[in-house]
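Engineer: have a look at this fold, sequence not included:
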């Protein structure tokens, strides 16, 4: 467990260098707080609801019920795919755009499908890897970056 905790700490340090969320927590809403997204990502991938619950109750107690319900829902639908499985899932669900919780190029990023109307240009919605959180990329581009994927398979 120590190596896993070190991994989480390393993410927090690296992302804090970019965002400064530990020094300036008031600058971030719950939706785009990098610290929350990193802890949530880690807790989901390691089935550690307790870790996320502790964080949410400490920093966003007014959002705890909603956030923990969302966490539980995501956990039920979170799948780990190899490249071929991910490609097949994206195609079968006509996925035009995905959003990552942490940097899209990170192997631990959790992707979720975004609903995109047919007449919308995906390039307008794209938010590339210049930001560390909440990147929006096409399935084609993300499939070129790695061999395994965490995917929240809920269809919204």
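Structural biologist: Received the coordinates, thanks. Keep in mind that what you see is a predicted model, and the values were worked out from it rather than measured.
Engineer: so who does the most centrally placed residue in the chain touch?
Structural biologist: In the chain, the residue lying closest to the centroid (CA atoms, centre = their mean) is residue 101, at 2.0 Å. Residues in contact with residue 101, defined by CB atoms under 8 Å, 6 or more residues apart in numbering, are 37, 40-41, 109-110, 112, 133-134. Bear in mind the C-beta positions are built from the backbone N, C-alpha and C, glycine included.
Engineer: what ranges do the strands span in this protein?
Structural biologist: 78-82, 97-100, 110-114, 136-137, 148-152 (DSSP state E).
Engineer: what's the spacing between the third one and its chain's center?
Structural biologist: Strand 110-114 has its average C-alpha position 7 Å from the chain's average C-alpha position, going by CA atoms, centre = their mean, to the nearest Å.
Engineer: what packs against it?
Structural biologist: helix 34-45, strand 97-100, strand 148-152 (3 or more CB pairs under 8 Å, 6 or more residues apart in numbering; DSSP states H and E).
Engineer: just name the shakiest helix or strand of this structure by mean pLDDT.
Structural biologist: Across the helices and strands of the chain, mean confidence by mean pLDDT, DSSP states H and E is lowest for helix 122-125: a mean of 51.
Engineer: so where's the longest helix in the protein?
Structural biologist: helix 2-19 (DSSP state H).
Engineer: that older thread, mean pLDDT lowest where, among the helices and strands packed on strand 110-114?
Structural biologist: Note on those: lowest mean pLDDT is at strand 97-100, with a mean of 92.
Engineer: helices and strands around it, which ones?
Structural biologist: strand 110-114, strand 136-137, helix 139-143.
Engineer: could you report the separation of the residue nearest to the centre of the chain from residue 91?
Structural biologist: 22 Å (CB to CB, to the nearest Å).
Engineer: before we move on, what about residue 147?
Structural biologist: For residue 147, the distance to residue 91 - CB to CB - is 17 Å.
Engineer: low-confidence ranges in the chain?
Structural biologist: 1-2, 116-130, 156 (pLDDT under 70).
Engineer: same thing but 80
Structural biologist: The model of the chain has pLDDT under 80 over residues 1-5, 115-131, 156.
Engineer: out of everything not next to it in sequence, what's closest to residue 42?
Structural biologist: residue 8 (4.8 Å; CB to CB, 6 or more residues apart in numbering).
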